[in-house]
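Engineer: dropping a prediction and its sequence here:
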Amino acid sequence: MSQTYINKLNYQDFVNPNKPNYITKEFEKLIREIGDCKSKLDEDRLIEQQIIKLKKFTKKKKIKPKQQSELVLRLLFCQLLGHDVSFAHILAINSSQESNLFYKFIGYLAASIFISTNEDLQLLMINSIQKDLKSDNTLAVSIALTTITKIITVDMIPAVLSNVLILLKHQEPLIRKKALTAMYTFLKQSPESILKHQKDFELMLDDKDISVTGVALDLFLFISKTKPKTIKHLVVSFVEILNLIISGKLPIEYDYREIHAPWIQIKLLKILSYLGQDDPNTSREIYQVVQLVLKESEIGFINGIFAGHAIMHECIKTITKLYPSTKLLELASIAAGKFVTSYSNNLKYLGITALTDLVLVYPEATNKHQIIIVDCLEDPDETLKRKTIELLFRITNKSNISFIVEKMLSYLKTQKDQKYKTSLVSRILKLAEEHGTNIKWYILTINKILQIFGDLVNHDIVYNIMKLISEGSLLEDEEDEEDEDDEEEKESGKEGSQLTKYDGNTALKIFSVNIYAEIISLKKPYPNILYQISLWVAGEYSYLCTNFTTEEIMVNVVDLINAFYISDETRAMAITALTKMVSHSGKYLEQIDTIIQKYSTSRNTDIRQRCFEMKGILQLPNIIDNILPPDSINTDIEIDTNLEFLNEFVENSLKNGGKKYISKEERIKMENELQLGINENKKKSKELRFEAYQSNNPQQSSTWRIPQQNIYEREVNNNQISNTIEIENSISLKVSGISQRWTETGYSGFKENENQNIENKKEKGEEKNTNDNNQNNQNNNNNNNNNNQNDNNDNNNNQINQNNNEKILDVKSFRFNRIGSKEPILEEENKIQEKNLNNDNNNNITTIKQKPPKTEEELKREKTVNALFNGVGSVRTSRKKSKSQKVNLNSKHITKNTIEKNNEKVENLIDLGSEKN
Amino acid sequence: MPSLQSSEIRYILVQNRQGKTRLSRWYFPCSDEEKNKLLSDFYKLVNVRDPKLANFIEYRTYKIVYRRYAGLFFGMCVDTTDNELAALESIHLFVESLDAYFGNVCELDIVFHFWKCYALMDEMFLTGEIQETSKKIVLKRMSDLDRLN
């Protein structure tokens, strides 16, 4: 409410003493203050203060009914201003349970508005509603019914349905009406359960009170939309009621501006239109009454009041929907004409809407009004214009296409909505394609559209135009010749006979190249898409151009290439076009040199490529015609796959001692043979390499741990040995499968040593990858990771021990998984190992010395165990174990000799294991 | 929440020229944010229109039918297949009824007696369909309510 508006008026005038308002002075003050607020912020502040006050009130245990209903009104006020008052919704419920009808009314009214935000309220309401439905007081019943229509949900229908059905027969029309309204809401929520009672509301159609009938019509309108077949037998009743209304037999209070119950008439017409749709028999029953209503509605045309027009409009809609009757359609189009030619925009709008539907069944409808319809595009009303455009799309045909497209384009220029524009442009293009009869007109129109809206157009249009120009014929559409003649003409065109008289296709090409050459010469910043078409046409058919010489076009194209407003894609096309023109005409311009020079270094590879192509082609004047023959788009290029023209050359070179050509198949054969030979050799080498691959294969169990040990070992080396490099190298080469892989890809043992930490991380990653497949080792892996993190030189020995421990455990778990029945033996082993471990932990330093014999023991033990399990897998593990043992050994006896010895030992062991298998 | 599909009227709004909503009735399930959006859209659409233009605006997949009475816009959102003129006339009937009830109605009547306006609206447009077209009966019902206290 504006400040000025408030100030002009005295508030007292509006709290009319004759109309009791039941609001306290405090509430009145609040309303005024809200009215005076200058901003939304002030308003919110006031309401928040009010809500705090209301909260205090709601905490009181006893509130007088009168005060309560006043509070409810205030809550309602706050809610309507967009504030949350859910804390006090209960007050509304309480108020609805008061015996005083006024408080009850307020309570229900507020509750029905609150309820959309609070679904729990519904359940609380249902009790009091049920009670009130049985009340003797008609007002109480009426209020309860009104509330039902607003809050009912599917779940609640059974609770009140029986009561409402009884109320349908209530003596008061008011209650009957409300009960029927309640039924209508039920029907919308769950049609199946309510349609059982259809008989009950069929009776209501004959109700003495027309407003009850009006509500019954709502139900039937709903049914006629969903299940028209079930109420076809009622058509007679509907027609009868409609006749009754238009003959003026209703109480005068239902007249609205001298028209009898317009809304009920409209409802009836709607129902009839749904019932008569696609049903000739029913439609015939309806024709007469619709015609009558249409005639009557005209009487009600009064300035500024549209009730009569509303009925007429509904009649047109009904006639459109009914099974077509020429007589009625004629009348409808006359009526629609009255709308369109009307002074009022509302009526014009409806006239256009009506015609849009009408032309689909009765195309003649718009014949008389075309000019008026097109004029609607110049109306300032956007709603009307958009509707008109829709209509124009439907009424466009061969005779009016050029006129309509022109009007549409001028409308399009005034549009600002990009999205709408884009859709409209593509629709207009489609329209031109569908209805355009004249190629000349089509090309000119497309150019016009592209000039202005080129950026909005789909690029497919470019290819359409190219195809049209290269294949289309101009005579074809100008003279409307028979197909046979066309073919003859095309043939003659193909034969390439002397073009003393141009055939249709050539005429079209001449026409289009003149147009497009002109576009290029204008040098305006048109959209790229237009230039692309122009350049293609100019490039292909420049020699046909009559308005410009080829040189002129070339100069223009050169200028265009240098223009700032074209894209790189267009520029590339321009260069190609230039090449074509040079080759077709044999004429050359000096500017072309500068172009080549300038754009050979372009950042755009496409442009550069085309520049070099042009340069290359221009240096070969002899074959230039073969490379770019004129009008080549329609000729299929024949490719000589045998390259016979080279035969002579080949023979010559053979004579001169060249090698003979070997065909691909032969070559493949030869290669296969070669491959076989290599493979045989490989087999042998494979056998040799086999072990090395085995140890390097990360997928095999427990291999992953080897590099880990390598790290520890290296740490030991760092501490204890000064000249490590050589040894390290040898160690890393022999020991670690993964580290070998690293060396293959460029990491050397030295590097590993230098970047230990990095290496550690990488190896961890490796391990994780391999480990994913190997759950047995997962725990160990975690331990190792922890170890890595805790790397301290002081702890080296300890870690070695831990590693040994893990290894042993791993062997155990591995075996355990393989053969559960051998458990007892394994347990014994564990005990022994644990003992050893304890010793190790107690004597950190001594372990190193004690270690070698122990590992020897382990090896032996493993060997025996493996012998027990006759499985290849177990042998493998033992071998790998032994290798890792070897690492530890190396770390302690740091001489090459010992390493070699150990290797020998290990290999012996492996041999033993495999022998036993 | 009651779902009221396919009712003719989706919502009825009364806004003043400053965009303050005086009355609003929703005949379809709708969240508060959605309501605020619809209210502000209604204001933007309606307020800028020249009085000579048509009283219908296509909005989303619906139509808004509105009419201006002094400083107030009365608007209704209806389905595209519905009869716009009938909706326009029902707005007029509603305003006439308000006028008859309050006696030369003005914006402040609606502000101070907002709940009565809702009651009157319920008499005429219950469930989103026009239910009672007789001004006389509507007024009788309203005076019944007045007499209650």
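Structural biologist: Perfect, thanks for sending it. Just so we're clear, the structure is a prediction, and the values are computed from it rather than from any experiment.

Engineer: and the residue of chain A found nearest chain B, which of the three is it?
Structural biologist: The minimum distance from chain A to chain B, using Cβ to the nearest Cβ, falls at residue A:310 (3.4 Å). Any C-beta I mention is one placed from the backbone N, CA and C, and that applies to glycine too. Under DSSP: H, G, I helix; E, B strand; the rest coil, residue A:310 falls in the helix class.

Engineer: in stretch A:524-534, what's buried?
Structural biologist: Within stretch A:524-534, the residues scored as buried using 16 or more other Cβ atoms under 10 Å in any protein chain shown are A:526-534.

Engineer: check the residues you listed one by one and keep those near chain B.
Structural biologist: Filtering the buried residues of stretch A:524-534 for proximity to chain B by Cβ under 8 Å from any Cβ of the partner chain leaves nothing.

Engineer: what about the helices in chain B?
Structural biologist: B:32-47, B:84-102, B:107-112, B:114-125, B:135-147 (DSSP state H).

Engineer: and of these, who's closest to residue A:437?
Structural biologist: Counting by Cβ to Cβ, residue A:437 lies closest to helix B:84-102 out of the helices of chain B; the figure is 38.0 Å.

Engineer: chain center to that closest one: distance?
Structural biologist: Helix B:84-102 has its C-alpha centroid displaced from the chain centroid by 9 Å (Cα atoms, centre = their mean, to the nearest Å).

Engineer: so where's chain B shaky on pLDDT?
Structural biologist: B:1-7, B:149 (pLDDT under 70).

Engineer: ignoring the adjacent residues along the chain, who's closest to the closest residue to chain A within it?
Structural biologist: In chain B, no residue comes nearer to chain A than residue B:85, which is 3.4 Å away by Cβ to the nearest Cβ. Using Cβ to Cβ, 6 or more residues apart in numbering or on different chains and skipping the chain neighbours, the partner closest in space to residue B:85 is residue A:310 (3.4 Å).

Engineer: tell me the pLDDT at the one you found?
Structural biologist: What the model reports as pLDDT for residue A:310 is 90.

Engineer: identify the residue nearest residue A:391 in space, chain neighbours excluded?
Structural biologist: Distance criterion Cβ to Cβ, 6+ apart; nearest residue to residue A:391, sequence neighbours excluded, is residue A:356 at 4.5 Å.

Engineer: ok, that neighbour - contacts?
Structural biologist: The neighbourhood of residue A:356, defined by Cβ atoms under 8 Å, 6 or more residues apart in numbering or on different chains, consists of A:387, A:390-391, A:394.

Engineer: can you give me the mean pLDDT across stretch A:247-262?
Structural biologist: Predicted confidence along stretch A:247-262 averages 84 (mean pLDDT).

Engineer: what do you get for stretch A:325-342?
Structural biologist: Rounded mean pLDDT across stretch A:325-342 is 89.

Engineer: and it, is it in reach of chain B?
Structural biologist: No: Stretch A:325-342 stays out of contact with chain B when judged by Cβ under 8 Å from any Cβ, the minimum separation being 10.0 Å.

Engineer: what does that stretch rub up against?
Structural biologist: The contact list for stretch A:325-342 (Cβ under 8 Å, 6+ apart) reads A:283, A:287, A:290-291, A:294, A:309, A:312-313, A:315-316, A:319-320, A:322, A:347-348, A:350-352, A:354-355, A:358, A:361-362, A:364-366, A:368-369, A:372-373, A:376.

Engineer: alright, calling it a day.
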